[in-house]
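# Show me the folded form of this:
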Amino acid sequence: MQAEPGDTAHAPVFIVGCPRSGTTLLYHILLSTGDFAYYRAESHVFDIIVPRFGSLRTTAAKRKMLDTWLSSRLFEVSGLEARGISDRVLSECHSGGDFLRALMESIADDQGVSRWADCTPAHLLFMRQIKRQIPSARFIHIVRDGRDVALSLDKLGWVPALPWDRRPTLLIAGLRWEWVVQRGRKEGSKLGNDYLEVAFEKVADWDTETMARIAEFIDHELNYEEIQASAVGSVGAPNTAFESGGSGAAFKPVGRWKSKFPKEQLEALEGMIGDSLTSLGYSLSTDNGEHRSSMSLRLMRAEYQQFWSLKHWVKAKTPLSRVLTDLDELGE
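Next comes the predicted model:
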């Protein structure tokens, strides 16, 4: 069913954040309640599909999008029948929001549940656009210590350096965390009561106050015992880029940077993103005054911020997005 604005008990929930910040864990917590549609993929509607195929206002644009989407993993894991979802998209959809709603409502109907949530971290940068097209949408921005995020992003190689840059990629990954989080917080500040910010560390530890805030925000009970009994996905098997430490070792996703971050690079990173870390409640571990005043590090930070801001603007606002968008991210 389509939720009306103000109907928080059926409102779609968007779980967003910098990649590797715990969005999947929170998504799987919601799925473990048994009341949300289970879609085993990121939808990538606003960060890939819309930039590549346009607004979907024309039948030609919708058919072109469907030709690609129906051959991707994103359709395969939906469990839907191609003819049914195609007919619905062609007859009902006039925007990316319409497409996402049609997709998720169809999955919810198939699974016999009344709600759905989207877990595409990159949708953090498109929240206001999503809100315009899906007025009932609610957004949970999950924020994690940027030093832990940097380690994970760098280990997976997800933040490439500029071609001429030979500085440590771990620093670049940390800068990417800061740019994404601060950009997302700026977007969220325009959404009023439809935006909630929570710390990954609190969610991972099942902090009762934090989980109560989430439950109230989405108007849905989060029962710890029932969720642990169902334990969908990463609730039972952590989604991590790191080894657990051996058979029987406790999984510790919080504060990993304290033992794994090279000291010199940690000092440099805290010198660049220290203000962002402390503004989010994370304590600094180094005396980074020298690094904070370093002209080369300030220039590095400015260089990447300007590059990512320009790239996002081109992708979101110009026709060049059609050729710059990487369709490989849709999955084969």
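# and the residue positioned nearest the centre of the chain, how far is that from residue 182?
Ranked by distance to the mean C-alpha position of the chain (C-alpha atoms, centre = their mean), the top residue is residue 121 at 1.1 Å. Computed as C-beta to C-beta, to the nearest Å, the residue 121 to residue 182 distance reads 15 Å. Heads up, the C-betas are built off the backbone N, CA and C, glycines and all.
# any weak-confidence spans in this protein?
By pLDDT under 70, the weakly predicted segments of the chain are 1-7, 238-252, 287-293, 321, 323-332.
# longest helix in it, by residue count?
Using DSSP state H to define each element, the chain has its longest helix at helix 295-317.
# quick one: contacts for the nearest residue to residue 117 once chain neighbours are set aside?
Using C-beta to C-beta, 6 or more residues apart in numbering and skipping the chain neighbours, the partner closest in space to residue 117 is residue 13 (4.1 Å). Shown in contact with residue 13 (C-beta atoms under 8 Å, 6 or more residues apart in numbering): 30, 36, 115-118, 137-140, 218.
# Among these, name the ones in helices.
Those of these mapping onto helices are 30, 218, per DSSP H.
# show me where the stretch 1-150 of the chain has helices.
Ranges of helices in the stretch 1-150 of the chain, per DSSP state H, counting those that start in this stretch, are 23-31, 50-53, 59-69, 73-76, 82-92, 96-111, 127-133, 146-156.
# So residue 105 sits against residue 116, correct?
Yes - with contacts counted by C-beta atoms under 8 Å, residue 105 reaches residue 116, the gap being 6.9 Å.
# Which one of the two is surrounded by more residues?
residue 116 (25 against 19; other C-beta atoms under 10 Å).
# Test my guess that that one contacts residue 108.
Yes - between residue 116 and residue 108 there is a contact under C-beta under 8 Å: 5.0 Å.
# OK, contacts around the closest residue in space to residue 142 that isn't next to it in sequence?
In space, and not counting its chain neighbours, residue 142 is closest to residue 17: 4.4 Å by C-beta to C-beta, 6+ apart. Remark: with contacts taken as C-beta under 8 Å, 6+ apart, residue 17 is in contact with 23, 121, 124, 141-144, 180-181, 184, 200.
# ok, 10 Å please
Counting by C-beta atoms under 10 Å, 6 or more residues apart in numbering, residue 17 makes contact with 23, 26, 119, 121-124, 140-144, 149, 177, 180-181, 184, 197-198, 200.
# ok so residue 197 is a strand residue?
Yes - counting by DSSP: H, G, I helix; E, B strand; the rest coil, residue 197 is located in a strand.
# where does the residue nearest to the centre of the chain sit relative to residue 64, distance-wise?
Distance from residue 121 to residue 64, by C-beta to C-beta: 26 Å.
# Residue 209 now?
48 Å.
# higher neighbour count, the two?
When residue 209 and residue 64 are compared for neighbours, residue 64 comes out ahead with 15 against 7, by other C-beta under 10 Å.
# Near the residue lying closest to that one once chain neighbours are set aside, how many other residues are there?
Nearest in space to residue 64, with sequence neighbours left out and distances taken as C-beta to C-beta, 6+ apart, is residue 53 at 5.9 Å. When neighbours are defined as other C-beta under 10 Å, residue 53 has 24 of them.
# Would you mind measuring from residue 53 to residue 318?
From residue 53 over to residue 318 (counting by C-beta to C-beta), the distance is 15 Å.
# Test my guess that residue 220 contacts residue 33.
Yes - with contact defined as C-beta atoms under 10 Å, residue 220 and residue 33 form a contacting pair (6.8 Å).
# Mind listing the shared neighbours of those two?
residue 115.
# ok, what's across the strand from residue 13?
With DSSP bridges as the criterion, residue 13 is bridged to residue 117, residue 138.
# any idea how far residue 126 is from it?
In terms of C-beta to C-beta, residue 13 sits 15 Å off from residue 126.
# The residue nearest to residue 126 when sequence neighbours are not counted: neighbouring residues, count only.
Take residue 126 and drop its neighbours on the chain: the residue closest to it by C-beta to C-beta, 6+ apart is residue 46, 4.0 Å away. Counted with other C-beta under 10 Å, residues neighbouring residue 46 total 24.
# who's in contact with residue 46?
Applying C-beta under 10 Å, 6+ apart, the residues contacting residue 46 are 14, 96-97, 99-100, 118, 120, 122-123, 125-127, 129-130, 133, 316.
# do you know how far it is from residue 172?
Counting by C-beta to C-beta - residue 46 and residue 172 are separated by 25 Å.
# I'd like the distance between the residue nearest to the centre of the chain and residue 274.
24 Å.
# Likewise for residue 148?
Relative to residue 274, and taking C-beta to C-beta, residue 148 is found at 15 Å.
# I'd like to check what contacts the helix or strand harbouring residue 211. Which residues are they?
Using DSSP states H and E, residue 211 sits within helix 208-218. By C-beta under 10 Å, 6+ apart, the residues outside helix 208-218 that reach it are 8-9, 11-13, 15, 26, 29-30, 33, 36, 115, 117, 138-140, 142, 193-199, 201-203, 205, 207, 220-224, 227.
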